[in-house]
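In: what's the 3D shape of this:
(chains A and B)
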Amino acid sequence: MPVINEVCREISSIPLEKLSEIYVDEGKKRQEELDLPDLPKAVRGEVVTRFAPNPNSALHLGSSRAAILSHDYAKKYGGRFIVRFEDTDPRLKRSDMKFYSMVKEDLKWLGCEWDEIYMQSERMEIYYRFAEDAIKKGLAYVTECDSQRFRSLVLKSMPCPDRDLLPEEQLERWNKMLSGGYREGQAVVRIKTDLEHPNPAVRDWPALRIIDPERYSHPIAGKKYRVWPLYNWASAVDDHLMGITHIIRGQEHFVNMIRQGYVYEAFGWAYPQAVHYGKLMIEGGSLSKSDIERGIKEGKFSGYDDPRLATLIALRRRGIEPEAIRKMIHEMGINTNTATVSLDILYALNRKIIDGVSNRYFGVFGELHRLNLEGIPGQLTVSLPRHPSDPSRPKRIINVNSGGVVIEDRDYSGNLGKEVRLIGLGNFKLLDGGARFVNNDLNYAKGLPHIHWVSENQSIDISVLMDDATELRGKTESGITYEAQGSHVQFEREFFAKIEVIRPDSVYAVYTSR
RNA sequence: GCUCCGGUGGUGUAGACCGGUUAAGCAUGACGGCCUUUCGAGCCGUAGAUCGCGGGUUCAAAUCCCGCCCGGAGCACCA
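Out: Okay, the predicted model is just below:
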């Protein structure tokens, strides 16, 4: 009992604000731990993960899964997080300078700061060196079989004849590749695996190929190289060299783990723990890079930040906070089943974050009706809270004169002839083109529809870019111009939006969610 | 066609490896109520899954075994 008393006394001696701080901190900490289940074979301080995007497009919700999970797991265990641009295909999946920086921006925004960053196009000599080594050791060979021929042979578990050439001859061919003795497609380095492997896709996979630099130059390397590593080669070498302990990626890479396993075994390296998550689909939308790229090229989308896209840059523009994305991704975890998520979940998570910071305004959209206010003193000044649960914010002061207010058609047509509460103003009877003051009794207002309005002589134009890329026009309080660009607001009874452009006489915003 | 990986309420996920007091937890969504001068937030409550289907093993299966169906991925000199 004395102990209890003592603890009680101690707690009650802490000021309330301090107490809530402690409480929140504890809650947060617990939340974090709850969020991420343990990674297999993770040792504190020794976890190294990587996120390996191809800089040929912008990051989207799907890519954010690998990024967030890789980053957060590294941090959870006090390890390192590496970003590695996989830009080794100047032909089919060309990288573009603008995406290197765009991806970095996206990652920073997501809160996935990296400890190290690399570009594979700057590591070419490394891939060459290991290739030469593999060839010398007889683990890889240079084949002149074209892909068709190779395919038909390998399907029957048969080798290309040059698989068994001596390492010296292979080396000669390798040098011929490097020096330009072959044209595109005439030779390729393959890794010896197991021609009997049940999955033909695993059998003797290609590691390096020739790309004519005169026809396909690289945004960073230019025309310097004509032999480029394929994904599995560059990735296998890098993961080993960079000391990656855990690879978190989509299940489409499952066979790549098996393929690369042959290299690791042959070189005597230890393959990292690979965790694969299932396909993430989005209700009613596409998460495919190629769909996004094509849509933009065809002009179907206005750009990477088109509000219909699930790119990070579009979500950011719309007012989705990175923490909402993070929470959603954490909730899905790394399980391997195929998930079709609804954006509503993201919106719900996001609303909880932005609700507190969003100042409230009245905005009326679509078809509008002007109401003459009858029965009010010549001029009315009302003050409305900027946020219902934070009275400390400066009030919105709005003047209304007999010139009247503007309301939306849905509120007008639905209530014509009835009494309504014009929020903050009073109770009125809605008439044709006007409104007659009844009283200003809040109790009386309880049973009435509450509708919002904009003062005609204190309003500015607003345009909202909606999530279907249409524009919604209307009027809003002129006081909104004091908002900072990029701030979240809520138009009461309408939706949340992010302010994009503020001019003295108009506002441009982007719709976030209801 | 071949090779993988999945299949728990509308959606996402926990439980499955070590089968039994959880005949299914959480979140989001839906519905209802309270509060609120927002159809937001918050609080309270309700509905919703016989755990893809069929069989087997067992005293006992979402959990183990087999078959089937469905979904996804891979089968590129893409990443």
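In: dump the residue contacts of the residue of the stretch 51-200 of chain A found nearest RNA strand B.
Out: Evaluated by Cβ to the nearest atom of the strand, the stretch 51-200 of chain A has A:Glu86 as its residue closest to RNA strand B, separated by 2.7 Å. Using the backbone N, CA and C atoms, a C-beta is placed for each residue, glycine as well. Residues in contact with A:Glu86 (Cβ atoms under 8 Å, 6 or more residues apart in numbering) are A:52-54, A:120, A:231, A:234-235.
In: what's it sitting at in phi/psi?
Out: The phi and psi torsions at A:Glu86 (degrees, to the nearest 10) take the values phi -100, psi 90.
In: go on, A:Trp233?
Out: Listed backbone geometry of A:Trp233 is phi -70, psi -50, with angles given as degrees, to the nearest 10.
In: Now the residue lying closest to it once chain neighbours are set aside: which helix or strand?
Out: Taking Cβ to Cβ, 6 or more residues apart in numbering, and ignoring the residues beside it in sequence, A:Trp233 has A:Ala207 as its nearest neighbour in space, at 3.8 Å. A:Ala207 belongs to strand A:206-210 when elements are defined using DSSP states H and E.
In: before we move on, back to that, do you know the pLDDT at the residue nearest to A:Trp233?
Out: A:Ala207 is assigned 96 on the pLDDT scale.
In: my read: it touches A:Ala140, true?
Out: Yes: counting by Cβ atoms under 8 Å, A:Ala207 touches A:Ala140, with 6.2 Å between them.
In: what sits in contact with each of those two?
Out: In the contact map built from Cβ under 8 Å, 6+ apart, the residues linked to both A:Ala207 and A:Ala140 are A:131, A:134, A:189-191.
In: Identify the residues contacting the nearest residue to A:Glu374 once chain neighbours are set aside.
Out: Leaving out its chain neighbours, the residue that sits closest to A:Glu374 by Cβ to Cβ, 6+ apart is A:Arg436, at 4.6 Å. The contact partners of A:Arg436, taken as Cβ under 8 Å, 6+ apart, are A:374-375, A:428-429.
In: how far out from the middle of the chain is stretch A:118-130?
Out: Its chain's C-alpha centre lies 29 Å from the corresponding centre of stretch A:118-130 when counted by Cα atoms, centre = their mean, to the nearest Å.
In: What distance do you get for A:Ile325 to A:Phe496?
Out: The span separating A:Ile325 from A:Phe496 equals 16 Å under the rule Cβ to Cβ, to the nearest Å.
In: between those two, who's got more neighbours?
Out: A:Ile325 (24 against 21; other Cβ atoms under 10 Å).
In: The more buried one belongs to a helix?
Out: Yes: assessed with DSSP: H, G, I helix; E, B strand; the rest coil, A:Ile325 lies in a helix.
In: Run through the residues that contact it.
Out: Residues in contact with A:Ile325 (Cβ under 8 Å, 6+ apart) are A:61, A:64, A:68, A:110, A:312, A:315, A:346.
In: rerun at 10 Å
Out: Residues near A:Ile325 by Cβ atoms under 10 Å, 6 or more residues apart in numbering: A:61, A:64-65, A:67-68, A:109-111, A:312, A:315-316, A:346, A:349-350.
In: nearest to A:Asp411, of those residues?
Out: Of all the contacts of A:Ile325, the one with the least separation from A:Asp411 (Cβ to Cβ) is A:Asn350, at 26.9 Å.
In: Relative to A:Arg308, how far out is that closest one?
Out: 17 Å.
In: next one: A:Ile117
Out: Taken as Cβ to Cβ, the spacing of A:Ile117 relative to A:Arg308 amounts to 31 Å.
In: shaky segments in the stretch 301-450 of chain A?
Out: For the stretch 301-450 of chain A, the stretches with pLDDT under 70 are A:402-403.
In: How about the residues of it by RNA strand B?
Out: Contact residues (Cβ under 7 Å from any atom of the strand) of the stretch 301-450 of chain A with RNA strand B: A:331-333, A:335-342, A:344-345, A:348-349, A:351-352, A:355-356, A:360, A:387-389, A:411, A:421, A:423-424, A:442, A:445, A:450.
In: Looking at those, which are in helices?
Out: Taking DSSP state H as the definition of helices, those contribute A:331-332, A:344-345, A:348-349, A:351-352, A:411, A:442, A:445.
In: Quick check: the farthest pair among those residues?
Out: Spatial extent of those (Cβ to Cβ) is set by the pair A:Met332 and A:Leu442 at 45.2 Å.
In: Neighbour count: these two, which is higher?
Out: With other Cβ under 10 Å as the criterion, A:Met332 and A:Leu442 differ in neighbour count, and A:Met332 comes out ahead with 17 against 10.
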